[in-house]
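Chemist: with the input below, show me the fold.
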Amino acid sequence: MISKNRSISTILLGMVCLGLCLVLLGGYATPLLASSGKTSKQLKEAQDRAASIKKEVSLAQAELDELQSAAKEKSDKLAWLEERTQEQQEAYEETLTRKNNALLVMEHTSNDYEAAVQEFEDQKQAYGERLALMYQLPKESIFEALLSSGDLQSYFSTNRLIRIISDTDELMLARLQEAEAYAAEMKVQAEDSYEDMQRLVKEADELLAEIKADRDISAEELKAASSKISEAEKESLAWAEEMKKAEQEIASLQEKYKKELAAEEASRKAEEEARKKAAQLAKDKSESSSPSVSKSGWVWPVPSSSRISSYYGYRLIFGARQFHRGIDIPAPSGNKIVSTKSGVVLKCSSSKNEGNYVTIDHGNGILSKYKHLSRYGCSSGQRVSAGQVIGYIGNTGRSTGPHLHFEIIINGKNVDPLKYLRR
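Modeler: Down below sits the predicted model:
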């Protein structure tokens with residue numbers, strides 16, 4: 001009766017442990033961790049994207065600043081050219097006025113020169129005619145002229161008059177000749193002045209045209225610069241909008257990540273509490289009874305759990321029918337695993353499927369194998385005794401949850417461990 005009640009108690013305790021293990025296994029699936037991990041990745045990507053956008057914003061702003069600086073220089077240059085154009089226009093008009101005045105002076109001096117020449121020619125002709133008239137008189141002797149004069153006084157008066165007329169004409173001609181020479185000199189000076197004014201007008205006109213051309217070029221350059229600034233401003237605003245969206249996305253993801261971390265922390269605490277309760281129950285069970293030992297001397301490898309989640313033989317493994325070469329004993333991660341029999345540790349190793357595992361040689365061709373350990377409790381070559389801790393429950397390798405996969409190998413062939421073990 002006592003044995004029966006103990007069996008019932010053991011079954012009930014096992015059911016409780018099973019329920020706790022299922023809770024823990026659900027926790028180990030860590031959907032919340034997966035969720036926060038995904039959000040963390042999204043947050044990192046958003047932050048990287050924001051950093052990249054920030055660089056683009058800086059580049060766009062730098063380009064805009066450079067364009068605005070260049071546009072200001074062009075605007076200042078255009079203003080200066082406008083001022084130069086006005087000044088040069090005034091200088092051109094002043095020079096043109098001087099040229100027109102020089103033309104008037106030249107025309108006036110030319111007219112004066114022509115008048116002086118004409119007057120000189122007229123006087124010279126009249127003088128010549130008078131001389132010719134005087135010299136065309138009969139070439140009579142002084143005596144004859146004296147006789148014809150009537151008296152001596154009349155003769156000398158006539159001769160003196162002729163001399164006075166001749167001297168006066170010569171003086172007048174000399175003055176006219178001087179006036180003609182002066183008029184000729186003034187004409188040359190006026191022509192030179194006009195030519196100078198023509199040259200100055202041409203130079204002023206060319207300079208004005210050059211300034212206007214520079215002004216037109218600067219105006220076109222400023223127009224093009226303004227267009228570039230407009231495009232750069234649009235691009236800068238677009239990047240600023242992208243930055244704003246990125247910051248909003250980061251803020252949203254940070255809030256989401258914060259909530260997920262809080263939920264994970266709550267879940268972790270709940271799991272930790274469940275783990276402690278399960279560990280305490282396992283400890284109580286372990287302390288209430290000594291390790292199960294079969295008649296052949298084999299010790300049960302997981303003192304804290306007697307449950308088997310998968311037996312030896314064919315079964316579905318990851319959706320495919322395969323031969324299971326041992327038994328699976330689920331237990332909370334970190335619980336002790338003991339050597340099922342005394343022997344020498346043949347290997348402490350790890351593989352993709354088996355995770356961390358230990359192989360013990362018990363002699364006479366008998367090996368025991370312990371897989372999916374979280375960590376080792378022994379080392380290769382170490383001699384261990386039955387019931388000695390050799391490792392701890394884990395979930396390494398190809399595993400769906402924390403458990404021990406246990407195998408017994410005799411002469412190179414796997415056998416059903418339950419033929420040698422007692423729970």
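
Chemist: from here on, just use CA atoms for contacts and neighbour counts.
Modeler: Will do.

Chemist: right, and Asp328 touches Pro402 too?
Modeler: No - applying Cα atoms under 8 Å as the test, Asp328 and Pro402 come out as separate, 9.9 Å apart.

Chemist: show me which of the two is the more surrounded one.
Modeler: More neighbours surround Pro402 than the other of Asp328 and Pro402, with 26 against 20 (other Cα atoms under 10 Å).

Chemist: would you map the strands across the stretch 301-423 of the chain?
Modeler: Along the stretch 301-423 of the chain, the stretches classed as strands by DSSP state E, counting those that start in this stretch are 313-317, 320-324, 327-330, 336-338, 343-351, 355-363, 366-373, 375-376, 383-384, 389-392, 403-410, 413-415.

Chemist: OK, contacts around the residue sitting nearest the centre point of the chain?
Modeler: Nearest to the geometric centre of the chain sits Glu56, at 3.5 Å (Cα atoms, centre = their mean). Applying Cα atoms under 8 Å, 6 or more residues apart in numbering to Glu56 gives the contacts Trp239.

Chemist: quick check: it vs Gly394, distance?
Modeler: With distances taken as Cα to Cα, to the nearest Å, Glu56 is found 48 Å from Gly394.

Chemist: equivalent analysis for Gly313, please.
Modeler: Computed as Cα to Cα, the Gly313 to Gly394 distance reads 23 Å.

Chemist: do Ser351 as well
Modeler: Separation of Ser351 from Gly394 (Cα to Cα): 14 Å.

Chemist: if you count what's nearby, which of these two comes out ahead?
Modeler: Ranked by neighbour count (other Cα under 10 Å), Ser351 and Gly394 place Gly394 first, with 25 against 13.

Chemist: quick check: closest non-adjacent residue to the more buried one.
Modeler: Spatial nearest neighbour of Gly394, excluding adjacent residues (Cα to Cα, 6 or more residues apart in numbering): Ser374 at 3.8 Å.

Chemist: quick check: phi and psi at the one you found.
Modeler: Backbone torsions of Ser374, given as degrees, to the nearest 10, read phi -80, psi -40.

Chemist: please apply the same query to Gly397.
Modeler: Residue torsions, per degrees, to the nearest 10, at Gly397 are phi 80, psi -150.

Chemist: surely it and Glu354 touch.
Modeler: Yes - counting by Cα under 8 Å, Gly397 does reach Glu354; the two are 5.0 Å apart.

Chemist: joint contacts of the two?
Modeler: Common neighbours of Gly397 and Glu354 (Cα under 8 Å, 6+ apart) are His372.

Chemist: buried set for stretch 230-241?
Modeler: By 16 or more other Cα atoms under 10 Å, the buried positions in stretch 230-241 come out as Ala232, Glu233, Glu235, Ser236, Trp239, Ala240.

Chemist: show me the shaky parts of the chain.
Modeler: Within the chain, the stretches with pLDDT under 70 are 1-35, 130-166, 169, 280-296, 317-318.

Chemist: could you pick out the longest helix of it?
Modeler: As assigned by DSSP state H, the longest helix anywhere in the chain is helix 152-288.

Chemist: so what does it touch, helix or strand wise?
Modeler: Using 3 or more Cα pairs under 8 Å, 6 or more residues apart in numbering; DSSP states H and E, the elements in contact with helix 152-288 are helix 2-28, helix 31-135, helix 142-148.

Chemist: break this structure down into its structural domains.
Modeler: Domains of the chain are assigned by automatic domain parsing as 53-239, 291-423.

Chemist: can I get those domains in TSV with distance to Gly37?
Modeler: TSV is the format used below for the domains of the chain (distance: least, Cα to Cα, whole Å):
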stretch	distance to Gly37
domain 53-239	24
domain 291-423	19
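
Chemist: among those domains, which comes closest to Ala246?
Modeler: The closest of the domains of the chain to Ala246 is domain 53-239. By Cα to Cα, the value is 8.3 Å.

Chemist: so what sits opposite the closest residue in space to Arg383 that isn't next to it in sequence in the bridge?
Modeler: Closest residue in space to Arg383, ignoring its immediate chain neighbours: Val344 at 4.3 Å, by Cα to Cα, 6+ apart. Beta bridges link Val344 to Asp361, Arg383, judged by DSSP bridges.
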